[in-house]
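Asker: Fold the stuff below for me.
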Amino acid sequence: MHSPVRRPFETGPDGPPKNEPSKTKNAQQFPNFADPLSAAYRFNMKKQLFLLVLILLCPFMSPGWGFFAHKTINQIAVYALPKTMQGFYFQHLPQIVRLASAADERREDDPTEANKHFIDMDHFGEDPFGMMPKAWEKATAKYSADTLRKYGTLPWVVVDVKDKLTEAFRQRDTVAIVQLSADLGHYVADAFVPLHTTINYDGQLTNQQGLHSLWESKLPERHLAEWKLDSDKGEYLKDPQRAIWQVIQESYGFLGATYDMEEKVTRTFTPETKYVFSHKYGKTRRSYSDAFADAYNKEVGAHVAYRLKQAPTMVASMWITAWQDAGKPDLETLMAKKPSKEAKEQLEAQLKAWNKIELIPQDLLLALHKEKAVEKADQINSAQDMAPVPTEEAPAAAPAAAPAPAPTAPFTQPEKLKVKSKTAEGTTKQKDKKKKEAKKDNDGWN
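Answerer: Predicted coordinates:
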C-alpha cells in the first residue's frame, strides 16, 4: 500500500516550513498543481491535448539545481559522511565538487541524458504514486520503457548509479568511485527539486516561464549565505529505491506552493519591474528581475533552503549504502597518499565552519571559487604535421659545435666509436665500418 501524497508544511521549526499557502487563482486555473488530494486534481480531455501539444513544441528541459547549488550539495555531503569514509572523500573533494555538474554538461552531447534528470509524475493520473510501480521491471511492464523515458527516469537512474558505485567500491576503482559519486550526488539532488516532478517544469503552462531557473538557481545564488544548511549525517539505507521515491513524492507536494507564491508576489509587481531583458546571439531573453527574486525568496525561500538542506544528507546516505553493500572496503588503501596532519586540520576547520554557517564568510565554499582550467593531455601528431622545434642561435663569440652523428634507428642513442689509430687509413676503416652497421640496422624508419 502506498502512502498518500502529502504537502510537508505542517511540522515544527526544525522540520519543513509551516506556512502552507492558500489556494489562489492559479490553483483554480490549474488544479493539478494546487492540491494533489483534491477532487479537482484530474485534467479534462482538452487540457490533456493542450499539454501534449506543448510537450511536443517544448522538448527542452531545464537542468536540475544550478551548478552553484549542485556543487554546494556535493561538498556538504562529504561533511555528512562517517569518519571511515570522510578522509577519502575529502581528499577528492575538489574533483567531486567540480564533477557535480558533469551530468548536466553531458546533455549537450548525449541525447539519452536529459530524461535521467526528471520524472513527470502528473502524467500518470490523479494518484501517480499509487499507480506507478516503483521497480523498473514492473513499471516498464505497465507503461513501456519508451513511455517512461519520455516522461523521465530519475528515480531508477539514482538506483542504477548507486549500484554502479557499489561495484566500483568492490573493484577498488578510485577513478570510478569519484566520478560515480559526483554523478550520484547530482541525480539525487535533482530529486529534491519540485519542478523535476511535473510536466509544468518551467511554469510554461501557467504563464510563469522562467520559474525553474528562479527557484533552483537564482534564489540559492542570491540567498545561500542566509540559509542554515545544517544537514543531518548520512546513514545506511535499507531500501534505496523506496528512499528516493519518498524524496520525489515530497518534492511533488511542494508544487502548489511553488506556483501559488509566484503568483502572489506577481500581484505586487508590474511587468516592467517583474522582468529584465537581455539580448544575446540575436535573441531577446526574459528573466525574473533581482527585485522579484528577493520578494519571491521571502515567500518561498524557506522551502528552497529546506530542500537544499535535506539533499546532502540523502547524497551521503547513498554513498554510505554503496560502500557498505560493497563490503566496507578500507578506503585509506585507495588514497593516493595518507592524510597529512595539515589535511586533517583543514577538514576539521571546514566542519566547524559548516556547523557555524561560516563556509561563505571564511571563503571555504568551493562553488564560489574560480575553477582552474583542466590540463589536457599532450597531443601526439604525425611528424609532418608537427612544427619544427625552434632553436636558439649560438652567441657570436662561441665557436660552432660539430654536428652529432645521426642515430642509426629510432629511439636509440648514437654509438660512440673508439678510434684506435689517428692515421688516415684507420679513419677510413672506421667510417666504412659505421656505414655498414647503419645499413644493417635500418628498419625503414630512417
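
Asker: all contacts plus neighbour counts: C-alpha atoms, from now on.
Answerer: Noted.

Asker: May I have the strand or helix carrying A69 as CSV, with CA atoms only?
Answerer: Assigning secondary structure by DSSP states H and E places A69 in helix 67-79. Listed next in CSV are the C-alpha coordinates belonging to helix 67-79 (Å, rounded to 0.1, in the frame of the first residue of the first chain):
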residue,chain,number,x,y,z
PHE,A,67,25.7,24.5,-11.0
PHE,A,68,26.3,26.5,-7.9
ALA,A,69,23.7,24.6,-5.8
HIS,A,70,24.9,21.2,-7.2
LYS,A,71,28.4,21.8,-6.2
THR,A,72,27.4,23.1,-2.7
ILE,A,73,25.3,19.9,-2.2
ASN,A,74,28.2,17.6,-3.1
GLN,A,75,30.6,19.5,-0.8
ILE,A,76,28.3,19.4,2.2
ALA,A,77,27.5,15.7,1.5
VAL,A,78,31.2,15.0,2.3
TYR,A,79,30.8,16.6,5.7
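
Asker: Could you name the helices and strands sitting against it?
Answerer: Helices and strands touching helix 67-79, by 3 or more C-alpha pairs under 8 Å, 6 or more residues apart in numbering; DSSP states H and E, are helix 83-91, helix 93-98, helix 174-190, helix 219-223, helix 290-325.

Asker: any idea which of those helices is most buried?
Answerer: helix 174-190 (a mean of 24; mean count of other C-alpha atoms under 10 Å).

Asker: What separation do you get for the closest residue to F68 other than its chain neighbours and V304?
Answerer: Spatially, and ignoring its direct neighbours in sequence, F68 is nearest to A367 (5.5 Å; C-alpha to C-alpha, 6 or more residues apart in numbering). Per C-alpha to C-alpha, to the nearest Å, A367 is found 18 Å from V304.

Asker: Quick check: buried residues in stretch 157-169?
Answerer: 157-159, 161-169 (16 or more other C-alpha atoms under 10 Å).

Asker: Might you report the residue contacts of V97?
Answerer: The neighbours of V97, taking C-alpha atoms under 8 Å, 6 or more residues apart in numbering as the test, are 71-72, 74-75, 182, 366-367.

Asker: Is the residue nearest to F68 in contact with I73, as I believe?
Answerer: No. Here A367 does not reach I73: they are 9.6 Å apart, not a contact under C-alpha atoms under 8 Å.

Asker: which of those two has more neighbours?
Answerer: Ranked by neighbour count (other C-alpha atoms under 10 Å), A367 and I73 place I73 first, with 29 against 22.

Asker: From R267, how far off is the more buried one?
Answerer: I73 is 33 Å from R267, by C-alpha to C-alpha.

Asker: Tabulate the buried residues of stretch 157-169 (a markdown table), appending secondary structure.
Answerer: As requested, these are exported to a markdown table (DSSP: H, G, I helix; E, B strand; the rest coil):
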| residue | secondary structure |
| --- | --- |
| V157 | helix |
| V158 | helix |
| V159 | helix |
| V161 | helix |
| K162 | helix |
| D163 | helix |
| K164 | helix |
| L165 | helix |
| T166 | helix |
| E167 | helix |
| A168 | helix |
| F169 | helix |
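
Asker: Any idea how far apart the tips of stretch 193-202 sit?
Answerer: 12 Å.

Asker: Could I get the full set of helices for the stretch 101-250 of the chain?
Answerer: Ranges of helices within the stretch 101-250 of the chain are 102-105, 128-131, 136-143, 145-150, 154-170, 174-190, 211-213, 219-223, 240-253, based on DSSP state H, counting those that start in this stretch.

Asker: Nearest to D120 among the helices and strands packed on helix 67-79 would be which one?
Answerer: Nearest to D120 among these is helix 174-190; the distance by C-alpha to C-alpha comes to 12.8 Å.

Asker: same for the closest one, what does it pack against?
Answerer: Looks like helix 174-190 contacts helix 67-79, helix 93-98, helix 102-105, helix 154-170, helix 290-325 (3+ C-alpha pairs under 8 Å, 6+ apart).

Asker: so what secondary structure elements neighbour the fourth one?
Answerer: Under the contact criterion of 3+ C-alpha pairs under 8 Å, 6+ apart, the helices and strands touching helix 154-170 comprise helix 174-190, helix 240-253, helix 290-325.

Asker: Show me where the stretch 251-400 of the chain dips below the pLDDT cut-off.
Answerer: For the stretch 251-400 of the chain, the stretches with pLDDT under 70 are 372-400.
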